[in-house]
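Undergrad: Any chance you can model this:
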Amino acid sequence: MWKDKNGWEENLPPVLYLVCNKKPGILQFDFCDQWSIKLKIVSEEFLSLLQENGFIDKYDVATVKVVNKKNETLTDKKYYALRISHFDNDSFHFGKGITYQSDFQKKLGTCFTVYPDMKLKDCSIKQNFFVLDSVEYGDGIIFRERVLDKVLNLYKPEIYKLSDYSKLWIDEKFYPYGNEFMIVK
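TA: This is a model prediction of the structure:
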């Protein structure tokens, strides 16, 4: 067990299953976020990249078996589920935010804020990957430009500059995968 701001959490079981509606051999990815259950599913290759770049001691980890409904293995790649236990919000100056509030959110009294000019407080730290505890940034991983080439070598990464991500987050349906803001090789 470990403790976070919400209290004590149970450790993940050693093995979790990701069940997909695919045929064996078809599925491939390096990063899949499941914000609703607070898990980031990463390939062995991506986990190694995270660890090599200072992203350690921040998560609980479990092996993930990727199968279909017939319990057939869908890929030879190894995957892991990460449940983040330490977030990096304190590592950033957020700057001026852009607040978004739909009519529905106005009724609820809620809103969302994105920060296009967010910057690291201490650029001398060795860590290159960061996770924030917020609805706006919780479904991704922020990384420094110096590891961009390595991240681009992963399978179909969806990468944006923080300034562009602000535009996309507010109207993500308008910007499908492969849009003009996406950074590609």
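Undergrad: What's the first helix or strand after whichever strand in the chain runs longest?
TA: Taking DSSP state E as the criterion, the chain has its longest strand at strand 59-67. Using DSSP states H and E, the helix or strand that follows strand 59-67 in sequence is strand 79-84.
Undergrad: For the longest strand of the chain, list every residue counted as buried.
TA: Within strand 59-67, the residues that count as buried by 16 or more other C-beta atoms under 10 Å are 59-60, 62, 64, 66-67. For glycine as for every other residue, the C-beta is placed from the backbone atoms N, C-alpha and C.
Undergrad: What score does the nearest residue to Phe129 once chain neighbours are set aside have for pLDDT?
TA: Closest residue to Phe129 apart from its sequence neighbours, by C-beta to C-beta, 6 or more residues apart in numbering: Phe55 at 4.3 Å. Looking at Phe55, its pLDDT is 90.
Undergrad: Quick one: residues contacting Phe55.
TA: With C-beta atoms under 8 Å, 6 or more residues apart in numbering as the criterion, the residues that contact Phe55 are 127-129.
Undergrad: Next up, identify which helix or strand it is on.
TA: Phe55 belongs to no helix or strand when assigned by DSSP H and E.
Undergrad: picking that back up, show me what the longest strand of the chain is packed against.
TA: Applying 3 or more C-beta pairs under 8 Å, 6 or more residues apart in numbering; DSSP states H and E, we find strand 59-67 packed against strand 15-19, strand 79-84.
Undergrad: immediately after the last one, which helix or strand?
TA: Note on strand 79-84: by DSSP H and E, the next helix or strand toward the C-terminus is strand 92-93.
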